[in-house]
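Peer 1: structure, please.
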Amino acid sequence: MGLRPDVLIGRSTPTTAALKQETATIPIIFVNVTEPVEQGFVQGLARPGGNITGFTNFEASIGGKWLQLLKEVDPRIARVAVIYNPQTAPFAGLFLRSVESAAPTFAVEAVAMPIQSDADIETALAMFATQPSSGLIAIPDSFTGQHRDRIIALAARYRLPALYAIPSATPSGGLMAYAVDTRDTMHRAAGYVDRILKGAKPADLPVQQVARFQLSINLKTAKAIGLDVAPNLAARADEVIE
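Peer 2: Numbers count the residues shown, from 1 in each chain. Predicted coordinates for the structure are as follows:
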């Protein structure tokens, strides 16, 4: 903090936690954080109360949307693993509960898949793929983002229909992504930076909920694992990779 910036931006839960440890006075704006109150970043959503505010990446119905999309791309899916790292995603329970509560509606069994290393990814996916009619969800977690390419490669190897909560997954070969529109969130965050530089206090700027999600589909990946994407699903996507 020797440069004494006017505002700091944290793009994940671990980053925001690290910034919070460094300063209690410099304004911090977070994006892509799931449980800011529970994690002690803010006192409340309407009135954060300290030097931190920002934008969440969770909507209560997100689990149902993820399952709906997986079932649309492959109606045979009956088991869906939710992959995350407990160390970098202490908020994973919120996403798990969202998926689990929606699972009966789609006749799907939701299976928690905690992982903590690169080796864990292959072991977990190899075992899960031995069961027929299986699918995968990678929640928004800095670990799953860092290991995105590894997860994508293994999902392809084991022919697992996978949905990712990071928009960069589909251009990298992932089947589908339904994720927070990061460009929209960063644009909104820039508005908060502007207000803070003009004298506003983070304590008085409410934490804002996610406003837009983005759906992208990789048709080449779908074909490679033996899936035909319905035209109406492709038509709803914000981005289709052929």
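Peer 1: mind listing the strands for the chain?
Peer 2: 8-10, 28-33, 52-56, 79-84, 109-114, 134-138, 162-164, 176-180, 213-218, 239-241 (DSSP state E).
Peer 1: export those strands as TSV, with columns for mean neighbour count and mean pLDDT.
Peer 2: C-beta here means a position set from N, CA and C on the backbone, and glycine is covered the same way. Below are those laid out as TSV (neighbours: other Cβ atoms under 10 Å; pLDDT from 0 to 100):
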stretch	mean neighbour count	mean pLDDT
strand 8-10	20	95
strand 28-33	26	94
strand 52-56	25	96
strand 79-84	24	97
strand 109-114	17	97
strand 134-138	26	97
strand 162-164	28	98
strand 176-180	25	95
strand 213-218	21	96
strand 239-241	15	96
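Peer 1: next, count neighbours for Thr25.
Peer 2: 9 (other Cβ atoms under 10 Å).
Peer 1: OK, contacts around Thr34?
Peer 2: By Cβ atoms under 8 Å, 6 or more residues apart in numbering, the contact list for Thr34 reads 13, 56-58, 91, 94-95, 140.
Peer 1: can you tell me how far Trp66 is from Arg183?
Peer 2: Distance of Trp66 to Arg183, given as Cβ to Cβ, to the nearest Å: 21 Å.
Peer 1: who has more neighbours, these two?
Peer 2: Trp66 (26 against 11).
Peer 1: any stretches of this protein with poor pLDDT?
Peer 2: The model of the chain has pLDDT under 70 over residues 1-3.
Peer 1: quick check, nearest of the contacts of Thr34 to Leu197?
Peer 2: For these, the residue nearest Leu197 by Cβ to Cβ is Thr56; the value is 22.6 Å.
Peer 1: quick one, helices of this structure?
Peer 2: Counting by DSSP state H, the chain has helices at residues 13-22, 62-73, 92-102, 118-128, 142-146, 148-157, 182-197, 219-224, 231-236.
Peer 1: please identify the deepest-packed of those.
Peer 2: helix 62-73 (a mean of 21; mean count of other Cβ atoms under 10 Å).
Peer 1: using CSV, list the CA coordinates for that one.
Peer 2: Presented in CSV, the C-alpha positions along helix 62-73 are these (Å, rounded to 0.1, in the frame of the first residue of the first chain):
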residue,chain,number,x,y,z
ILE,A,62,-29.0,-19.7,-10.3
GLY,A,63,-28.8,-23.4,-9.5
GLY,A,64,-32.1,-24.1,-11.2
LYS,A,65,-31.0,-22.2,-14.3
TRP,A,66,-27.7,-24.2,-14.5
LEU,A,67,-29.6,-27.5,-14.2
GLN,A,68,-32.2,-26.4,-16.8
LEU,A,69,-29.5,-25.6,-19.3
LEU,A,70,-27.7,-28.9,-18.7
LYS,A,71,-30.9,-30.8,-19.1
GLU,A,72,-31.7,-28.9,-22.3
VAL,A,73,-28.4,-29.8,-23.8
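Peer 1: cool, thanks, signing off.
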